[in-house]
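In: got a predicted structure plus its sequence, pasted below:
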Amino acid sequence: MSRKRILVIYTGGTIGMTRTEHGYAPQKEAFHALLRQIPELYAPTMPEWDMVDMDPLLDSSNITVLEWNAIGEQIASHYADYDGFVVLHGTDTMAYTASALSFMLRKSNKPVILTGSQIPLCEVRNDARDNLITALLIAAGSLVHEVCLYFGGKLLRGNRAIKYSADDLIAFESPNYPVLAEAGIEIRMNRAALLPRCRENFSLQRLVNIPIGVIKVFPGIQFDLFDSIMTERLKGIVIETFGAGNIPKHADSLLPIIRKASENGTIIIVCSQCPHGTVSLGAYETSSALKDAGAVSGYDITTEAAVAKLYYLFSRGLTDREIRERMGRSLRGEVTLP
């Protein structure tokens, strides 16, 4: 039986960084040299793999829609040549990229696994080696047909993941959806939680860099300060509210702003600041006004996925009504509907 073929796309991030006089920085040649020193990567039980390097290599805090498109194009251009893909990425925005790719890679039935590390491979003690080896093995398996994030022994749905810790080796969580797999002595797959294989033809949806904003509600927030940005240029906005979609009862200035934005065609999505739980507009008096003003419930979607989904839907050229309707649907398993 022939070995699976995996394409590794190296975007930068901590995993491939080395020490410089200005701190850790991506070093392509040094990273490739370190990989050649890991015999397990070339073992007969491992898939065959090739690597392409993005140019330039980036700290993930510098990733933009432009880089999402570049990663998507790499996958699309090699889609027929490989059985799966591993994207090496910095941790800071990995959940955003995983969410974006989950929407961009339409009708994909191949595994796309994002991973990275908290400690660079160049250090004696690191989490990079195991994350990379396990991501390659999962990408070479036959059960995953979606975009996932593997980190610290857990495989998560990409558009359900959030970065949970800046300094723990288990850096990501999926607060509102089960873990897809856990890597212990064996890799135990949660088959019931995986998306089914797609039988339709694959295509790539490039994203347009439209203006999108995120507002986090806090006690005493002065909503009128945001009135000036609620113009026709602002295509979408994600509001992180309290609890199940609540805002301060005295927030009289917010509702006219939301009505104005909605009339301008801006899509307003309501998410919760609570990692676990769901938004239920209308369950409380303080959330009913948001619904009446034209906001759409994001239910239990993460902010990362909500932002990526807005980019995707606007890039499809849909009408405002169609976008609002699809924001309330699960397109890639990114949201649990009531």
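Out: Now that the structure is in, tell me what you want to look at. A quick note: this is a predicted structure, and the numbers were derived from the prediction, not measured. Residues are numbered from 1 along each chain as shown.
In: use CA for all of it now, contacts and neighbours both
Out: Will do.
In: how about low-confidence regions in the stretch 51-200 of the chain?
Out: Within the stretch 51-200 of the chain, no stretch has pLDDT under 70.
In: rerun that using 90 as the cut-off
Out: Along the stretch 51-200 of the chain, the model assigns pLDDT under 90 to residues 58-59, 199.
In: quick one: the helices in it?
Out: Assigned helices in the stretch 51-200 of the chain, in chain order: 65-77, 94-104, 128-139 (criterion: DSSP state H, counting those that start in this stretch).
In: and these, which is most packed in?
Out: helix 94-104 (a mean of 28; mean count of other Cα atoms under 10 Å).
In: between the top strand by length along the chain and helix 65-77, how many degrees?
Out: Determined from DSSP state E, the single longest strand within the chain is strand 48-58. Angle, strand 48-58 to helix 65-77, by axes from the mean of the first three to the mean of the last three Cα atoms, to 10 degrees: 160 degrees.
In: pull out the buried residues from strand 48-58.
Out: Buried residues in strand 48-58, counted by 16 or more other Cα atoms under 10 Å: Glu48, Trp49, Met54, Leu57, Leu58.
In: what's the closest non-adjacent residue to the last one?
Out: Ranked by Cα to Cα, 6 or more residues apart in numbering and with sequence neighbours excluded, the top spatial neighbour of Leu58 is Gly12, at 4.7 Å.
In: redo the helices of the stretch 51-200 of the chain as JSON lines? Include distance to Ala181.
Out: Formatted as JSON lines, those follow (distance: least, Cα to Cα, whole Å):
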{"stretch": "helix 65-77", "distance to Ala181": "23"}
{"stretch": "helix 94-104", "distance to Ala181": "17"}
{"stretch": "helix 128-139", "distance to Ala181": "9"}
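In: nearest to Gln27, out of those helices?
Out: helix 128-139 (15.0 Å; Cα to Cα).
In: now that closest one and strand 48-58, what's the angle there?
Out: Going by the same axes, to 10 degrees, helix 128-139 makes 120 degrees with strand 48-58.
In: show me what the longest strand of the chain is packed up against.
Out: strand 5-12 (3 or more Cα pairs under 8 Å, 6 or more residues apart in numbering; DSSP states H and E).
In: for the strand it packs on, which strands pair with it and how are they oriented?
Out: In the sheet, strand 5-12 lines up against strand 48-58 (parallel), strand 84-88 (parallel) (DSSP bridges).
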